Structure formats: structure tokens, C-alpha cells
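1. quick one: sequence and predicted model below, then my questions.
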Amino acid sequence: MTTEDEWTDVGAADELCRRPLQQVLVGGRTRVALSWVGGRFAAVSGVCNHVGGPLGEGRLEGEYIVCPWHYWKFHHRTGAGEPGFEADRVPAHEVKVEAGRVLVSTRPTTTRSKKPHAPHPLARPVERGDGPVRVLGLSTTAMTAGQPRYSTSDDLLDTALAAAGAQGCETRLVRVRDLQFRACEGFYSKGARACTWPCSITQMDPNDQLDQVYEGVVHWADVIVVATPIRWGAPSSLYAKMVERMNCIQNQQTIAGRDLMKNKVVGLIVTGGQDNVQGVVGQMLTFFGELGCQFPQHPFIAHSRGWTAEDMENNQRAVQRSASLKEGAQALAGRCVALSRLLLAGAFEGSPTSRGGRKAHRAERPPPES
Ligand code: FES
């Protein structure tokens, strides 16, 4: 039973009924999702059970509020989860209208209950077991499945992986073009905590295959060699699609102080019939640097014949016949593996690795949930 001093006046009824769903504050700081459905006000906690999304900023779907972050649903009046998930419940608040004012009980009348959810396998701790250096190749060139063609960047990546194998390393190759995965949907733009590890899409969509990249770069690899062609002065579209989805790895440093890429070494292979090697490499180094990766001396190899070279057949032949490019790819693998061995032996143990670079300033962190 709510007593007289436990109500919060949240506004005029004729104003509030203009929006079917909105967030209001009760007791000065508690977020509540106030709904207007079928000529009645109702209120439940404004904090989603998942990772705290603002339910009052979501939308109504029938009787249910849909969380704007990852679309979990809660009954707008009872707070119960959608059918099948009723045990996942957010607290409900009483609502009454007096003298044209909407009053919401400052304290909820039911409690929050969270149904245990098994953590995603990728959420396990990152633990490096014993064994030789592990080198992961990431090919980001695009081509039609079933219609293979020669790729200069793939050729040099294969050469680098073979060289690593010859040094006693374990090697794996992930061709990003073989994976079916969704584009980043901008969860980070909704709120830093909306961008989760593993990626919210990976957690929601069992058919999304970017988990293979996450598993490789976070849990398996010591060395990551990324190969891309240059497309209109930028890395490939597949590279861009992949790294947008990898924002969740960097975001763990921002919101949780968690360094998922400790002691990882990255080397780059960039080839283009035309130009802008330095621009492409620069943005790739920035991205992997922000993930917390380390780079060997001379962290990339590249090939370009310049702006006027439109004879792509000759470009392919030039790479296929180039002994020096092959030697360069082998040497890049060697430098990455040598650095990795130092790191795995503990050379930089104890050195802070995160929050450098642009985070030299104190980062603006998301506000605490309430
Ligand atoms: S669904 Fe609400 S925070 Fe994820």
C-alpha cells in the first residue's frame, strides 16, 4: 500500500497522454517507463533487465514495451517479460490521476527478477594456454563464392602464413567473405553500454557468423595478419564491415576497463593496383592500436603501382612474379612472431596497455543505472 508521501507528481495528465510511452523520474532519480494504453496510464521500471537500456525510450508493441537497445520486451503494466520469459520481470509502479496530475508511486510495488541466462561462449575469460605461437590470417578481399579469382593480398597472406608455419607456429586462415554476418547496427550510438561483448548481434542471432572472427582474434590468436586490397583509397568494404562489428572489443576498455587484446601482435598486408597505401595503413594501424594491439617494427607490407596503372592484369602478374614481395611477406610474419614470443615470455608484463592514445583524457563514462 502506497502512503500519501510516497507518490511523485510526474506532470499534467493531458500533456502526458499525448505520448504512448515516455521516461519520467520518480523520487528524483529513479527512471520509470510511463505508458498510456487504452485510455490508462501504467508504469514500470525504466531500466531494462538485460544491460540497463532505457525502457521509457523504447516503443510499444501491443501490451509490451520493446527495449530500444536489444529489443527485450516487458509488459507495460505488470513488468513481466514476454510470453516464455515471464520470469524476467522489471518492477511495476502504481499510477493514479488526481486533479489532472499523474502520480506515480515512488517505490515499486513488485520486485525485479532476472531469469538466469547462460553466458555466451565468447564471454569466457581470455586465457592463453601453453603451445606454439598462433598466427591468424584475416583475408578481407571480396569475391563471388564458387568463382575464385587470383587476389594479390590473399597470395601474400598465404605466403606469410606459410612462413609462420615453417617457424613452428600454428596457423589459421579466416576468409571474411565466407562468413554470413550482419552489419553493425549502431548499438554504441544508442549508448556505450548497449554495445556489449560479445556483440549484441552475436548474442541475439545464432546464424551470424562473425563469432568466428571474435573467437580467432580474442581467444585464439597471438598474431593477427590482416590482408586487404585498396578500394577507392580505402580498405575493402568487407574489412570495414568487419571492424565496425569489432567496436565491441574496444568498447570493453571504455565501459569495463577490460583489455581483450592483451599481448596481441598485428601485421598488415595492403595491395592496390592504384594508390593510397599510407592512408589505408594509417587507418588500419589506428584501429588495431585502439584495440590495444602491438606492432612490430615495420608493421606492414604493401604494393601499389601508382595512380596511372589501370592494367590490372599486369598488376596481378607483377605480384605473382615478385620474389621481393614474397620475401617481404615472409619477413613480416617473422617480425610479428618474434615480437609475439617476447610478449608471451612476459616482456611487457605489468605495463599498462589500455586507455592510452585518445583516452589520455579522462573518458566520459556512461552514467550509472538507476
Ligand atoms: S534489451 Fe534492454 S538493455 Fe538489452
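-> Perfect, thanks for sending it. Residues are numbered from 1 along each chain as shown.
2. isn't residue 301 right up against residue 327?
-> No: in this structure, residue 301 is not within contact of residue 327 by CB atoms under 8 Å, at 9.6 Å. Where C-beta positions appear, they are placed from N, C-alpha and C, glycine not excepted.
3. isn't residue 200 right up against residue 71?
-> No: using CB under 8 Å as the test, residue 200 is too far from residue 71 to be in contact (9.4 Å).
4. for the two, indicate the residue with more neighbours.
-> In this view residue 200 and residue 71 are compared by other CB atoms under 10 Å, and residue 200 has more residues nearby, 22 against 15.
5. so the more buried one versus residue 77, what's the distance?
-> Per CB to CB, to the nearest Å, residue 200 is found 27 Å from residue 77.
6. OK, contacts around residue 51?
-> 69, 70, 193, 194, 196 (CB atoms under 8 Å, 6 or more residues apart in numbering).
7. can we see that at 7 Å?
-> Shown in contact with residue 51 (CB atoms under 7 Å, 6 or more residues apart in numbering): 193, 196.
8. so what's the residue of the chain most remote from its centre scoring on pLDDT?
-> Most distant from the centre of the chain: residue 99, at 48.6 Å, with distances by CA atoms, centre = their mean. Looking at residue 99, its pLDDT reads 97.
9. name the element residue 23 belongs to?
-> strand 21-26 (DSSP states H and E).
10. pairing partners for that strand, with directions?
-> strand 30-37 (antiparallel) (DSSP bridges).
11. is there proximity between the strand it pairs with and the ligand?
-> No: Strand 30-37 lies out of reach of the ligand by CB under 6 Å from any ligand atom, never closer than 11.3 Å.
12. looking at it, residue 47 is touching residue 31, isn't it?
-> Yes: assessed by CB atoms under 7 Å, residue 47 is found in contact with residue 31 at 5.8 Å.
13. neighbours of residue 10, how many?
-> 20.
14. got the contact list for it?
-> By CB under 7 Å, 6+ apart, residue 10 lies in contact with 24, 26, 34, 102, 104.
15. just the helices in the stretch 101-250 of the chain please.
-> Taking DSSP state H, counting those that start in this stretch as the criterion, the stretch 101-250 of the chain contains helices spanning 152-166, 187-190, 200-204, 211-214, 237-245, 247-256.
16. so which of the ones you listed is nearest residue 39?
-> Of all those, helix 187-190 sits nearest to residue 39, with 30.8 Å by CB to CB.
17. which other residues reach that closest one?
-> 68, 69, 194, 195, 200, 247, 251.
18. ok, and the closest non-adjacent residue to the last one?
-> Ranked by CB to CB, 6 or more residues apart in numbering and with sequence neighbours excluded, the top spatial neighbour of residue 251 is residue 195, at 4.7 Å.
19. so which bits of the stretch 101-250 of the chain are right by the ligand?
-> With the criterion set to CB under 6 Å from any ligand atom, the stretch 101-250 of the chain never comes near the ligand.
20. in the stretch 101-250 of the chain, what residue is nearest the ligand?
-> With CB to the nearest ligand atom, the shortest gap between the stretch 101-250 of the chain and the ligand falls at residue 194, namely 6.5 Å.
21. what's the burial count for that residue?
-> Neighbours around residue 194, by other CB under 10 Å: 25.
22. got it, and residue 89?
-> Count around residue 89 with other CB under 10 Å applied: 22.
23. cool, the one 3 residues further on as well?
-> Under the neighbour criterion other CB under 10 Å, residue 92 is assigned a count of 23.
24. contact partners for it?
-> With CB under 7 Å, 6+ apart, residue 92 has these contacts: 44, 77, 78, 79, 108, 109, 110.
25. narrow those residues to those that are buried.
-> 44, 77, 79, 108 (16 or more other CB atoms under 10 Å).
26. sorry, back to before: compare residue 47 and residue 31 (neighbour count), which wins?
-> Neighbour count, other CB under 10 Å: between residue 47 and residue 31, residue 47 has more, with 22 against 18.
27. separation between that one and the ligand?
-> Residue 47 sits at a distance of 9 Å from the ligand (criterion: CB to the nearest ligand atom, to the nearest Å).
28. if we can go back for a sec, identify the farthest-apart pair in the buried ones among the contacts of residue 92.
-> Once CB to CB is applied, the buried ones among the contacts of residue 92 give 77 and 108 as the farthest pair, at 12.6 Å.
29. name the element residue 271 belongs to?
-> Residue 271 belongs to strand 265-272, assigned by DSSP H and E.
30. ok, and what's touching stretch 109-116?
-> Stretch 109-116 is contacted from outside by 45, 49, 79, 85, 87, 88, 89, 90, 91, 92, 93, 94, using CB under 7 Å, 6+ apart.
31. for PyMOL, what selects the buried ones among the residues you listed?
-> Per 16+ other CB under 10 Å, the buried members of the contacts of stretch 109-116 correspond to this PyMOL selection:
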select buried, resi 45+49+79+88+89+90+91+92+93+94
